[in-house]
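> just the structure for this:
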Amino acid sequence: MSQSIKYSHSDVNGAGDVRRKVAIIGAGLVGSLAALNFARMGNEVHLYEYREDIRTAQLVQGRSINLALSQRGRKALAAVGLEQKVLATAIPMRGRMLHNVRGRTSIVLYDPCTQQCLYSVGRKQLNELLLNACDAFPNIHCHFEHKLATANIREGQMQFKVPKEQELISTSADLIVGCDGAFSTLRQHLVRTPGFNYSQEYINTGYLELCIPAKNGEFQMPANYLHIWPRDSFMMIALPNQDKSFTVTLSMPFEVFEKIKTHQQLLDFFRQHYVDALPLIGEEQLIKDFFKTRPQHLMSVKCKPYHFADKALILGDAAHSMVPYYGQGMNAGMEDVTLLTSILDQQLPLDVALAQFTESRWKDAFAICDLAMYNYVEMRDLTKRLSFRCRKWLDTTLFRLFPRFWVPLYNSVSFSSMPYSQCIANRQWQDKFLNKALSFTLLTSFLIGGAFYARRFR
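Numbering: from 1, shown residues only. The predicted structure follows:
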C-alpha cells in the first residue's frame, strides 16, 4: 500500500497535517472539483478519466451540453475561486416561459421578490475551466483514457484499462473517490461490502436532444428563460446556449416515442403538440436529430453509506443519480464536495470524517432524488393548471411579506443552501398551514353566512 505523504509547506488549511495519495475516478464536473479541493489541502491527487481529454474532444453524445447552475453549485465554485469566471459567460434564466399547444406563451418568474435566477452553463466549457484549474496544481496528476477495471478497496489497489495496452495498469492510493457517474464502477465494488444499501429506479420516460439553431447570429426565442412546452404526460424544454442556439430536450413515455415511426408521423406530432417550435427547429433538422438515435433512459439511484472505512468514497451521481427535472444533479454533486471539504477541515480521523459525511448527506440526497421525480410532474402537467398559478402567487406574496417566515419550495431548493430534506419539511409545514387557514376561512364564512341568513329570515 502507498505511504501517506507529508508536506512541509503551509496550505489553506494550515501546516503539518497528514497528507494522502488520493485517487479520483472520473474527471467530470464533480471529480475535477473534488480534485481541486483535495489538492488545496495538500494531498497528492491522481485524477482518472476513461474518456479522452474533454478539452480536445468533441461533445459526448447522449449527455446534455448545457446545465442549470444554481446557488449550491455557485457556492462550491466560489470556494475554489471560479464562480465569477463561470458567471461571466453564463446566461441568466429568470423564470419559465410556458408554451401552450397554440404557441402562446406566458411567463412564471422564479423569484419576483429578490430577482434571483438560474444560469445556463455549457457542460464542456465548465469542465474545461475546472480541468484548467487542476493543471495549475503541481500535486494534481490527470490520467485520461484510463478506465477503472478492478479495485480492491480494502487495500487501496486499482487496475486500469488503457487503449493500446494489453496489460492492465496497476496503482494504489490511500483513498479512492468515485465520481464516475450513475453507472459507477467504484459503487459496484461498494455494493459487495456488508451493510451497503442500494436501489435504482428507471422511469418509463425517455429523452432525446434536439436543437433550435441561431438565426442570423441571434436567439430565435427570448434567451433569459427556461422554455417549457407542458403536455400532460410528456413535455419539451429548451435552455439557451452561448452560441445563441437552444438545447431542446424532448421527454416522453417510451410508448409515445415508439408510435412515431415515419417522417410524416413526426411532423404531424409536432404540428399537433409543438406548433411554434417546429419552424424554429426546422423540419429537416428535426427529422435528422429525432431518428439518428434512440431515446435515452432515465434512472434514479439511492444508496448508503457513501464510504467504506477510510478507504473509499463516492460523490455526485455515483452516490445519488437523479432524473434531471429539478436541475440539481450537478448542483447536488458540487454541494457534496462543499460538505465533504467542511468536514475534512475539522481534522478528524479519516474514517470518522467519511462516516460523518455519509450521516450528514444521505437524507438530503434521498430528498433531492424524490424532489426531482416530483418536479417532472410539475413541469409537464401542473405548470399549466390554475391551481399551480394560484399557489405560485400565494407563495410569492407571502415570501414578499414574510421573507424569513415563508420561503417557497423552489426558492429553498435553488436559491439557498437549506438542506434538501429541510426544504421538503418546510413545504409540508406550509401545506398544513394553508390547509388549516383555508378550513378556518371556509368555516368562518359558513358561520357568518349562517348567522346572517338566520337573522334575516328570523
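> next up, the contacts around residue 280.
Residues near residue 280 by CB atoms under 8 Å, 6 or more residues apart in numbering: 212, 220, 221. Yep, even glycine has a C-beta here, placed from its N, CA and C like the rest.
> same check, this time on residue 356
Contacts of residue 356 by CB under 8 Å, 6+ apart are 343, 348.
> please renumber so the chain begins at 451
Sure, I'll start counting at 451 from here, so that last one is residue 806.
> which stretches of the stretch 801-908 of the chain have low pLDDT?
Low-confidence regions of the stretch 801-908 of the chain, defined by pLDDT under 70, span residues 831-834, 890, 892-893, 895-897, 899-908.
> quick one: the strands in it?
Remark: no strands are assigned in the stretch 801-908 of the chain by DSSP state E, counting those that start in this stretch.
> any chance you could map the helices in it?
836-851, 859-864, 870-906 (DSSP state H, counting those that start in this stretch).
> what does the shortest one contact?
The list of residues contacting helix 859-864 from outside it, by CB under 8 Å, 6+ apart, reads 520-521, 560-561, 566, 568, 776-778, 818, 821, 845, 849, 868, 870, 872-874, 876-877, 880.
> make a ChimeraX selection of the buried ones in these.
For the buried members of the contacts of helix 859-864, the matching ChimeraX selection, counting by 16 or more other CB atoms under 10 Å, is:
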select :520,521,560,561,566,568,776,777,778,818,821,845,849,868,870,873,874,876,877,880
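> how close does residue 701 sit to residue 668?
Distance of residue 701 to residue 668, computed by CB to CB, to the nearest Å: 27 Å.
> equivalent analysis for residue 773, please.
Going from residue 773 to residue 668 by CB to CB gives 32 Å.
> next: residue 642.
Counting by CB to CB, the separation of residue 642 from residue 668 is 54 Å.
> neighbours of residue 642, just the number please.
8 (other CB atoms under 10 Å).
> give me phi/psi at it?
Main-chain dihedrals, residue 642, degrees, to the nearest 10: phi -80, psi -10.
> confidence score at it?
In this model, residue 642 is scored at 95, pLDDT.
> other SSEs contacting the strand or helix carrying residue 678?
Here residue 678, judged by DSSP states H and E, is contained in strand 676-681. Applying 3 or more CB pairs under 8 Å, 6 or more residues apart in numbering; DSSP states H and E, one finds that strand 676-681 contacts strand 545-549, strand 684-690, helix 800-830.
> work out the gap between the first one and the centre of the chain.
Meaning strand 545-549. Counting by CA atoms, centre = their mean, to the nearest Å, strand 545-549 is centred 20 Å from the centre of its parent chain.
> so that strand versus strand 676-681, what angle?
Interaxial angle of strand 545-549 relative to strand 676-681 (axes from the mean of the first three to the mean of the last three CA atoms, to 10 degrees): 40 degrees.
> residue 702 and residue 786: what is the separation?
Where residue 786 is concerned, residue 702 sits at a distance of 31 Å (CB to CB).
> the two - which one has more neighbours?
The residue with more neighbours, out of residue 702 and residue 786 and counting by other CB under 10 Å, is residue 786; that gives 28 against 24.
> where's the nearest residue to the more buried one once chain neighbours are set aside relative to residue 537, distance?
Nearest non-adjacent residue to residue 786, counting by CB to CB, 6 or more residues apart in numbering: residue 765, 4.5 Å away. Distance from residue 765 to residue 537, counting by CB to CB: 23 Å.
> these two - which one has more neighbours?
Taking other CB under 10 Å, residue 765 and residue 537 do not tie; residue 765 has more neighbours (29 against 16).
> distance of the more buried one from residue 628?
In terms of CB to CB, residue 765 sits 7 Å off from residue 628.
> cool, and residue 475?
Distance of residue 475 to residue 628, computed by CB to CB: 5 Å.
> again, but for residue 719
Per CB to CB, residue 719 is found 40 Å from residue 628.
> show me which of those two is the more surrounded one.
Between residue 719 and residue 628, residue 628 has the larger neighbour count (other CB under 10 Å), namely 30 against 16.
> find the nearest non-adjacent residue to the more buried one, please.
Using CB to CB, 6+ apart, the nearest residue to residue 628 is residue 636, at 3.0 Å.
> what about the one you found, how many neighbours?
Residues near residue 636, counting by other CB under 10 Å: 24.
> can you map out the strands along the stretch 601-750 of the chain?
Under DSSP E, counting those that start in this stretch, the stretch 601-750 of the chain gives strands at 607-611, 619-622, 625-628, 647-652, 655-662, 676-681, 684-690, 696-703, 749-754.
> tell me the most buried of those strands?
With neighbours defined as mean count of other CB atoms under 10 Å, those peak in mean count at strand 625-628, which reaches a mean of 26.
> run the chain-centre distance for that one.
Its chain's average C-alpha position is 21 Å from that of strand 625-628, according to CA atoms, centre = their mean.
> likewise stretch 565-582?
Relative to its chain's centre, stretch 565-582 lies at 12 Å (CA atoms, centre = their mean).
> what mean pLDDT does that stretch get?
The average pLDDT within stretch 565-582 is 96.
> and it, what's buried?
Using 16+ other CB under 10 Å as the test for burial, stretch 565-582 gives 566-581.
> the residue lying closest to residue 656 once chain neighbours are set aside: how many residues sit nearby?
Nearest residue to residue 656, sequence neighbours excluded (CB to CB, 6+ apart): residue 745, at 3.1 Å. Applying other CB under 10 Å, we find 19 residues neighbouring residue 745.
> roughly how far apart are residue 745 and residue 723?
On the measure of CB to CB, residue 745 and residue 723 end up 16 Å apart.
> repeat that for residue 699.
Separation of residue 699 from residue 723 (CB to CB): 15 Å.
> nearest spatial neighbour of the residue nearest the centre of the chain, chain-adjacent residues omitted?
In the chain, the centroid-proximal residue (CA atoms, centre = their mean) is residue 779; its distance is 1.6 Å. Closest residue in space to residue 779, ignoring its immediate chain neighbours: residue 772 at 5.6 Å, by CB to CB, 6+ apart.
> pretty sure the one you found sits against residue 822.
Yes: counting by CB atoms under 8 Å, residue 772 touches residue 822, with 4.2 Å between them.
> quickly list what's touching both of these two.
750, 778, 779.
> between these, which is closest to residue 740?
Of all the shared contacts of residue 772 and residue 822, residue 740 sits closest to residue 779, with 24.5 Å by CB to CB.
> contacts only, for the closest one.
Residue 779 is in contact with 517, 766, 767, 771, 772, 822, counting by CB under 8 Å, 6+ apart.
> ok, now residue 848?
By CB under 8 Å, 6+ apart, residue 848 lies in contact with 855, 856.
> do the same with residue 597
Applying CB under 8 Å, 6+ apart, the residues contacting residue 597 are 500, 610, 611, 612.
> could you check how many residues crowd around the first one?
The reference is to residue 500. Per other CB under 10 Å, the neighbour tally for residue 500 reads 21.
> returning to that earlier point: just send the contacts of residue 779 back as JSON lines, with neighbour count and secondary structure too.
Shown next, in JSON lines, are these (neighbours: other CB atoms under 10 Å; DSSP: H, G, I helix; E, B strand; the rest coil):
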{"residue": "517", "neighbour count": "24", "secondary structure": "strand"}
{"residue": "766", "neighbour count": "29", "secondary structure": "coil"}
{"residue": "767", "neighbour count": "26", "secondary structure": "helix"}
{"residue": "771", "neighbour count": "25", "secondary structure": "coil"}
{"residue": "772", "neighbour count": "26", "secondary structure": "coil"}
{"residue": "822", "neighbour count": "23", "secondary structure": "helix"}
